[in-house]
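Enquirer: what's the 3D shape of this:
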Amino acid sequence: MNIPFSPPFIDQSVIDQVLDTLQNKWITSGPKVKALELEILKLTGSKAAVCVNSWTSGAIMMLKWFGIKEGDEVIVPAYTYCATALSILHCGATPVMVDILDDLTIDPLKIKQAITSKTKAIIAVDIAGLPCHYEAINSIIKDPDINQLFNPETDKQNLLGRILLISDAAHSIGATYRNLPAAVKSDITIFSFHAVKNITTAEGGCICLNLPEVFDNTEEYNFLKMFSLNGQTKDAFAKSMGANWRYDIIFKGLKINMPDICAAIGLAQIRLYNDHLLPLRKKIAMKYCHKLKMFNWFIHPILKDKTRESSYHLFPLRIKNITEADRDQIIDFLVSRGINVNVHFIPMPMLSYFKSIGYKIEDYPNSYKQYACEISLPIYPQLTDEEVNYIVENVIDGVNIKANKSKLLEVVS
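Expert: Below is the predicted model of the structure:
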């Protein structure tokens with residue numbers, strides 16, 4: 001058996017949407033992008049949604065929008081993909097890394113301890129699809145003592161009057177917080193539509209705005225659409241409508257717009273998401289938990305608690321009492337059996353570039369601890385019961401072989 005890690009969901013509705021785009025002969029930003037933005041608004045309950053060509057470019061744009069620059073600090077978890085911190089570095093600012101909780105999300109207490117007069121924003125990361133503890137984080141950034149440290153230097157910063165909260169929701173489209181879309185718990189939520197995500201546009205992302213009432217979210221949407229197209233007053237679709245060729249460049253923008261040919265894939269998928277694709281992901285996650293819960297080496301991932309429910313983007317299997325080397329050997333065994341797995345994530349301080357600029361994994365002990373015992377198992381709508389059973393059987397065999405039939409594999413009575 002050969003089981004891929006995360007193939008995209010491509011059914012006839014996806015093919016039909018892409019063919020419709022090709023047949024209409026409009027493939028760059030146009031009506032499909034707008035339709036996808038409207039579907040995202042319905043799914044997330046957000047006030048505005050701007051589709052872009054990647055999570056990373058969307059994050060860079062929003063940091064620049066807020067005026068993040070050299071000398072500023074942005075707090076991030078050490079346990080995330082490199083793009084979270086690279087977006088800050090591309091603005092000339094400093095990522096301030098903090099450790100995580102056992103549920104893999106950023107530790108609010110560590111956030112509070114890291115805030116200085118240079119802190120302009122926090123990027124909280126919803127690892128595996130589980131929302132961060134947004135009520136705790138919002139309480140921190142709205143604390144009067146913390147607000148006294150905030151040093152606004154731009155119009156946007158003065159208008160907000162506090163630290164900006166950005167959700168790195170690359171994994172968490174469809175996740176909920178107190179039965180509401182988790183996206184509404186941050187000022188700005190940025191999704192990824194990369195090929196392995198719950199909803200994909202091959203490459204792409206979306207910025208959702210839920211700014212406080214002192215902002216006009218519609219006005220900010222219009223500004224960001226121009227910002228994502230070189231600061232140009234008209235996009236190509238608008239310019240194509242008759243004698244409408246004249247445009248202007250009114251500020252130094254970026255070129256990060258999403259094309260219709262990509263939006264078509266996501267448009268078909270998002271219309272199936274709540275009723276079909278997301279429930280299938282949840283069903284697979286529940287199967288994994290049911291089949292593995294009898295083993296005392298299994299660390300049950302938090303998929304749902306009193307306030308939060310995951311989008312089931314990843315199934316982060318963690319195994320008690322193993323080393324990083326043990327974990328790697330179990331992965332090798334699974335791969336030898338035709339099961340493609342992954343690890344989410346190598347903490348940023350372990351990566352060469354971040355080590356070269358001074359970050360040390362020793363400063364983030366829980367990030368390393370969680371990474372060293374984590375294996376991301378396949379979880380996607382096309383996965384069959386037979387494949388799930390095969391994966392579970394081989395996970396058990398892999399742990400058993402590594403443990404050499406030790407007490408690690410004792411069944412919980």
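Enquirer: What are the boundaries of the strands in the chain?
Expert: All strands of the chain, identified by DSSP state E, fall at 48-52, 73-77, 94-98, 119-125, 164-168, 176-177, 180-181, 188-192, 205-209, 298-299, 308-309, 315-319, 374-377.
Enquirer: which sections of the stretch 151-300 of the chain are below the confidence cut-off?
Expert: 239, 242-243 (pLDDT under 70).
Enquirer: Quick one: the helices in it, in order.
Expert: 155-160, 217-227, 236-239, 260-272, 278-292 (DSSP state H, counting those that start in this stretch).
Enquirer: closest to residue 203 out of those?
Expert: With C-beta to C-beta as the measure, helix 260-272 is the member of these nearest residue 203 (6.6 Å). (Glycine included, C-beta is placed from N, CA and C.)
Enquirer: show me the contacts for the residue nearest to the spatial centre of the chain.
Expert: When C-alpha atoms, centre = their mean is applied to the chain, the residue found nearest the centroid is residue 170 (1.6 Å). Going by C-beta atoms under 8 Å, 6 or more residues apart in numbering, residue 170 touches 55, 81, 83, 125, 126, 190, 191, 192, 194, 197, 205.
Enquirer: ok so, going back, single out the most deeply packed of the strands of the chain.
Expert: Greatest average neighbour count among these goes to strand 188-192 (a mean of 28), per mean count of other C-beta atoms under 10 Å.
Enquirer: Next, the angle from it to helix 217-227.
Expert: Between the axis of strand 188-192 and that of helix 217-227 there is an angle of 50 degrees, by axes from the mean of the first three to the mean of the last three C-alpha atoms, to 10 degrees.
Enquirer: Contacts for strand 188-192, please.
Expert: Contacts for strand 188-192 (C-beta under 8 Å, 6+ apart): 40, 44, 46, 54-55, 58-59, 62, 164-173, 182-183, 197, 199, 204-211.
Enquirer: That one - which strands sit beside it in the sheet, and in what orientation?
Expert: When pairs are called by DSSP bridges, strand 188-192 turns out to pair with strand 164-168 (parallel), strand 205-209 (antiparallel).
Enquirer: and the last one, how far from the chain's centre?
Expert: Between the mean C-alpha location of strand 205-209 and the chain-wide mean there is a distance of 11 Å, by C-alpha atoms, centre = their mean, to the nearest Å.
Enquirer: next one: the first one
Expert: A distance of 11 Å separates the centroid of the chain from that of strand 164-168, by C-alpha atoms, centre = their mean.
Enquirer: Domain ranges for the protein, per the record?
Expert: 12-264, 274-409 (automatic domain parsing).
Enquirer: Need the distance between the two termini of the first one.
Expert: Yep, that's domain 12-264 we're talking about. Domain 12-264 has an end-to-end distance of 12 Å (criterion: C-alpha to C-alpha, to the nearest Å).
Enquirer: rewinding a little: among the domains of the chain, which is nearest residue 6?
Expert: Here domain 12-264 is closest among the domains of the chain (C-beta to C-beta), at 4.1 Å.
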